[in-house]
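>>> Just need the structure, nothing else, for what follows:
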Amino acid sequence: MLIRSPAVAGTLYDADSQRLLAQIESWLADAGSQPLPRPAKALIVPHSGYPFSGATAAGAYRLLEPIYDTIKRVVILGTCHRDPTQGLWTPRCAAFRTPLGDVAVDQPACRALLEHPEVNELAVQQDMEHSIEVQLPFLQTVLEDFSLIPLLVGDCSTPVLAEILSSLWGGPETLLVISTGLSRNRPYREVIAQDQHSARRIRAFDSGFVSQEACGFNALNGFLQVAKAQGLASRQVALTTSADLNGQKEQVRGFGAFVFY
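I've put the predicted structure just below:
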């Protein structure tokens, strides 16, 4: 069985399973949350190193606790950071491995996706992207048993991605996770202003984001278009920056967590 080994364990998050689990559980316990009027259907969460964005992501993941045994399939939209690519890519593997164990890939669903002309297969040996991987330890902690549909989103039009997401939408057993950061490498005041504006647009289902506003802008746009068509409601969970932790206000990154239900 071909398994994707973790690429960023020990760098973006702890490679020791006990320390990793304790850290995630601590963030989840500290995350304040109000019950949702309906079960969560999708999350927008950051994908930076856990010391910077882990607590922000935990606020959204905590909202899955009431439905931890209902969700059986998770579609994660990641971002192609290393090389600009055309279309969408799904890794050719049977499972993703993290320090907390293996997450099975929904191989029949991925094979069906490959029939779409915009979806390509990525050899697992070439998959060093972190944006899907860093979401898995959170999901392994809060959910009971689930399979994964991983999609790396490159240069893909919003209507095409919206079409693919609609085909994967499913029912209450399916969760969507959009993995994206917000502003990056800008002065603190600019990041605060831009991310507050972006947060308002996300809550309003504005699917016109560009790369300077979110590294996962293509994934974000496609999801927001479908979420609006599906009549979901939105809630902002957290909006933070790297400066909140390291105090460095020249080259700042912004992180946001949102839930849709």
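
>>> What ranges does the stretch 151-261 of the chain have for its helices?
158-168, 188-203, 217-229, 243-246 (DSSP state H, counting those that start in this stretch).

>>> Pick out the residue nearest the middle of the protein.
For the chain, the residue sitting closest to the mean C-alpha position, by Cα atoms, centre = their mean, is Ser179 at 2.4 Å.

>>> So, low pLDDT: which residues of the stretch 1-150 of the chain?
82-84, 124-126 (pLDDT under 70).

>>> doesn't Ile76 make contact with the residue nearest to the centre of the chain?
Yes: counting by Cβ atoms under 8 Å, Ser179 touches Ile76, with 6.1 Å between them. Glycine gets a C-beta too; all of them are placed from N, C-alpha and C.

>>> Quickly list what's touching both of the two.
132, 135 (Cβ atoms under 8 Å, 6 or more residues apart in numbering).

>>> Please put the alpha-carbon coordinates of stretch 96-113 into CSV.
Taking C-alpha atoms only, stretch 96-113 is exported to CSV below (Å, rounded to 0.1, in the frame of the first residue of the first chain):
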residue,chain,number,x,y,z
PHE,A,96,-1.5,10.0,4.5
ARG,A,97,0.7,9.3,7.5
THR,A,98,1.1,11.7,10.4
PRO,A,99,2.6,11.1,13.9
LEU,A,100,-0.9,10.3,15.0
GLY,A,101,-1.4,7.4,12.5
ASP,A,102,-2.6,6.9,9.0
VAL,A,103,-5.6,8.6,7.3
ALA,A,104,-7.1,6.5,4.5
VAL,A,105,-7.7,8.2,1.1
ASP,A,106,-11.0,7.7,-0.6
GLN,A,107,-9.5,6.1,-3.6
PRO,A,108,-12.7,5.5,-5.6
ALA,A,109,-13.6,9.1,-5.2
CYS,A,110,-10.1,10.2,-6.3
ARG,A,111,-10.2,8.0,-9.3
ALA,A,112,-13.6,9.5,-10.3
LEU,A,113,-12.1,13.0,-10.0
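
>>> Give me the contacts around that stretch.
3-6, 9, 14-17, 20-21, 73, 88, 90-91, 93-95, 119, 132-133, 136-137, 139-141, 146-151, 164, 168.
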